[in-house]
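Student: Dropping a prediction and its sequence here:
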Amino acid sequence: MSQPSPASAPPRVPEAVHRRRWAVLGVLMLSLLIVVLDNSILNVAVKTIAAPAPTGIGATQSELEWSINSYTLVFAGLLFTSGLLGDRLGRKKVLLFGITVFGIGSALAAFSGSPGELVAYRAVMGLGAAFVMPATLAVLMNVFERDEQPKAIGIWAGSVGLAIAIGPITGGILLEHFWWGSIFLVNVPVVLLALALMIWLVPDSRDPKPGRIDIPGVLLSVLGLVLLVYGIIRGGELASFTDVTVLAPVIGGLAVLVLFVLHERRSDHPAIDMAYFRKPAFAAAVAAIALVFFALMGVTFFSAFYLQSVRGYSALESGLLILPLAVAQMVFAPRARLVVERFGAKAVCTAGMLLVAAGLAAFALFDASTPVWALEVVFFLQGAGMAHIMPPVTVAVMQALPREKAGSGSAVNNTFRQVGGAMGVAVLGSVLSSTYRGEIEEHLGGVPAALRATAGESIEATLAVAEKLGPAGRNLVAPAYDAFLGAMHVTAIASAVIALVGAAVVAAFLPGRTPRDPATADGTEPVSGPATADGAGTAPGSVPADGAGTAPGAVPGGGDRRASVPAPGAEAGESARR
């Protein structure tokens, strides 16, 4: 099949946009930073929020989980819609809308008067974030040419590490000098700065041939997730998963999610094209995203209680202790593409998942006197593992779709990330809660009956009751520590098992190291997996590292990095040019 010469291929990115692409990436990172930073701040503040007024608002373990999950579930449920709206109406428009709503929700959350209000305003923040995060990745894919996308995505992923570093430290400083609501109010000035820079620098882009929005599909996904996670959290509250109030929402949620999949397969305008999941490598990439965040989010949730309640560190000290995890991500994520080029996505992501699993399993060995240096090593290994998972799998997902569908691709990537995180907090939080309750109950015999149920909810609740009882409650402190450590060990092992499942998935289905010229005879399905669905003919992350020695618009080897991207499943002979 004859192909147009590289010189005649039309540029994909206007030259004016191409020149300011790194400045645009900086604005996108600022937007991503504030969304991720908010969750990392909240993880440090959970102990303070759980405290009675006036220090906190007396949130229970379940309410703390819902303050995270209300944000995450609204976020995950609306990602399909926000991605499609971005492709249809313009990614800059939805980005501006999302960051504005996020800022308003942050201001409201700062002045919450009760746990219920905090949960509601966190949902508003999730609504805004649902329009921010997918748009940042979609804009990135439309201002960078294909050869620079892995590098840009690595930097984009590294900004998550920056947020993880800044969040706990910022949260700790704010909690030491201001009231707990300041952790949300600090978002407002950053939102105003981001809005000004977006209006000035970020170009708009959209799909020239958008489809209709799949409203029934979105509603089914939201309903299914809410029912499922509510049932799991309810199981943790009751320390039983056989109660009708647990089984009914869990079974109902699973049934609705099955209906969602069936609807998407039959719809002529699906929110997510299920055909992509028939490709094992694509499915493995999104599964890896979900599993790693499932494992990590649950541990992140209980690590705050371990560091602050058991070890006695302040919120600021806890933030500083987590710094190695963030530093590892910032250092390694932008460079992950180089390791993928050398060893292939399969080996790199498998090694990353095994590192994460080892770090999670190490929590099962921690006690009240574990040396600080051991904590730091474990956090660093977890960050290094994450840094070698997220960039390659994100490249695999995003380059599987044509540039015009970048919003949909970003929605898939972020949906599985957020749903995995929500399920991690819910499932592992329930495991932590139910195990703790089972271990502390035998020590609550001397607690007044009216306080017994409350005292068994969490370590913070037990310690609060012990303080209220005065000298009579001193005998509860040591058993509370022991019960929490036992529950943490069980939860850590469960998390490590989930990470090992993720390692097995990527080892089985992600593509290995691909030769530099994997062109096929018919140009319809290059052997390198999902990252080649639009015709680039390279494995995830195997494009040139930094474009050195390459003129704008040219790919080493003769291709044109601004070549038109065909529709899904059509290669348009791109591999022949390689």
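Tutor: Thanks, I have it.
Student: Distance from stretch 410-424 to the middle of the chain?
Tutor: 6 Å (C-alpha atoms, centre = their mean, to the nearest Å).
Student: for the record, mean pLDDT for that stretch?
Tutor: The pLDDT scores in stretch 410-424 average 74.
Student: Flag every buried residue along it.
Tutor: 410-424 (16 or more other C-beta atoms under 10 Å). Every residue, glycine included, has its C-beta placed from N, CA and C.
Student: and after the longest helix belonging to the chain, which helix or strand comes next?
Tutor: For the chain, the helix with the greatest residue count under DSSP state H is helix 406-440. Following helix 406-440 in sequence order, the next helix or strand is helix 449-455 (DSSP states H and E).
Student: Next SSE downstream of that following helix?
Tutor: helix 459-469.
Student: Next, the angle from that next one to helix 406-440.
Tutor: Relative orientation of helix 459-469 versus helix 406-440 (axes from the mean of the first three to the mean of the last three C-alpha atoms, to 10 degrees): 40 degrees.
Student: Pull out the buried residues from whichever helix or strand comes after helix 459-469.
Tutor: Counting by DSSP H and E, the next helix or strand C-terminal to helix 459-469 is helix 477-509. Applying a neighbour-count criterion of 16+ other C-beta under 10 Å, one finds 479-485, 487-492, 494-496, 498-500, 502-503, 505-507, 509 buried in helix 477-509.
Student: swap in stretch 444-456?
Tutor: Result for stretch 444-456 [16+ other C-beta under 10 Å]: buried residues L444, V447, L451, A455, G456.
Student: Now do it: everything it contacts.
Tutor: 436-437, 440-441, 461-462, 465-466, 468-469, 472-473, 475-476 (C-beta atoms under 8 Å, 6 or more residues apart in numbering).
Student: what about 6 Å?
Tutor: Stretch 444-456 has contacts (C-beta atoms under 6 Å, 6 or more residues apart in numbering) with R437, I440, E441, A461, T462, V465.
Student: The second one contacts D482, correct?
Tutor: No. Checked against C-beta atoms under 6 Å, the pair I440 and D482 is beyond contact range at 8.7 Å.
Student: Apart from its neighbours in sequence, what residue is nearest Y230?
Tutor: Distance criterion C-beta to C-beta, 6 or more residues apart in numbering; nearest residue to Y230, sequence neighbours excluded, is P249 at 5.0 Å.
Student: who's in contact with that neighbour?
Tutor: By C-beta under 6 Å, 6+ apart, P249 lies in contact with L227, Y230, G231.
Student: which among those gets closest to G181?
Tutor: Y230 (26.1 Å; C-beta to C-beta).
Student: And the helix or strand harbouring that closest one, what does it pack against?
Tutor: Remark: Y230 resides in helix 215-238, with elements defined by DSSP H and E. On a contact count with 3 or more C-beta pairs under 6 Å, 6 or more residues apart in numbering; DSSP states H and E, helix 215-238 meets helix 61-89, helix 244-266, helix 406-440.
Student: possible to save these as CSV with distance to W179?
Tutor: Converted to CSV, the helices and strands packed on helix 215-238 look like this (distance: least, C-beta to C-beta, whole Å):
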stretch, distance to W179
helix 61-89, 16
helix 244-266, 35
helix 406-440, 25
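Student: I'd like to know which of these lies nearest to M386.
Tutor: Using C-beta to C-beta, the helices and strands packed on helix 215-238 put helix 406-440 closest to M386, at 11.5 Å.
Student: Run the angle between that closest one and helix 215-238 for me.
Tutor: Going by the same axes, to 10 degrees, helix 406-440 makes 20 degrees with helix 215-238.
Student: in the stretch 351-500 of the chain, which ranges drop under the pLDDT threshold?
Tutor: 399-409 (pLDDT under 70).
Student: Tell me the buried residues within the contacts of stretch 444-456.
Tutor: Going by neighbour count (16+ other C-beta under 10 Å), those have R437, I440, A461, T462, V465 buried.
Student: Quick check, P52 in contact with G58.
Tutor: Yes. If you go by C-beta under 6 Å, P52 and G58 touch, sitting 4.7 Å apart.
Student: Going by secondary structure, K93 is in what exactly?
Tutor: helix 91-110.
Student: which secondary structure elements does that helix contact?
Tutor: For helix 91-110, the packing partners by 3+ C-beta pairs under 6 Å, 6+ apart come out as helix 61-89, helix 115-143, helix 182-185, helix 187-201.
Student: nearest to P392, of those helices?
Tutor: helix 115-143 (14.6 Å).
Student: Okay, buried residues for the helix or strand following the closest one please.
Tutor: Using DSSP H and E, the helix or strand that directly follows helix 115-143 along the chain is helix 149-177. Buried positions in helix 149-177, judged by neighbour count with 16+ other C-beta under 10 Å: 149-172, 174-175.
Student: Give the rounded mean pLDDT of helix 149-177.
Tutor: Helix 149-177 shows a mean pLDDT of 75.
Student: Give me the secondary structure label for G113.
Tutor: Using DSSP: H, G, I helix; E, B strand; the rest coil, the structure places G113 in coil.
Student: dump the residue contacts of it.
Tutor: G113 touches nothing, counting by C-beta under 6 Å, 6+ apart.
Student: Give me the distance between it and A508.
Tutor: G113 is 50 Å from A508, where distance means C-beta to C-beta, to the nearest Å.
Student: Got phi/psi on I34?
Tutor: With angles defined as degrees, to the nearest 10, I34 sits at phi -70, psi -30.
Student: tally of neighbours for it?
Tutor: I34 has 25 neighbours, counted by other C-beta atoms under 10 Å.
Student: what's the answer for W179, then?
Tutor: The local packing of W179 (other C-beta under 10 Å) involves 15 other residues.
Student: helix/strand/coil for it?
Tutor: With three-state DSSP as the criterion, W179 reads coil.
Student: So what does it have for phi and psi?
Tutor: phi -80, psi 170.
Student: Quick check: it vs T170, distance?
Tutor: 15 Å.
Student: One more: V94?
Tutor: Distance from V94 to T170, by C-beta to C-beta: 27 Å.
Student: Out of the helices and strands packed on helix 91-110, the one nearest Y306 is which?
Tutor: Proximity to Y306 (C-beta to C-beta) singles out helix 61-89 among the helices and strands packed on helix 91-110, at 14.1 Å.
Student: now that closest one against helix 91-110, angle please.
Tutor: Using the same axes, to 10 degrees: helix 61-89 against helix 91-110 is 160 degrees.
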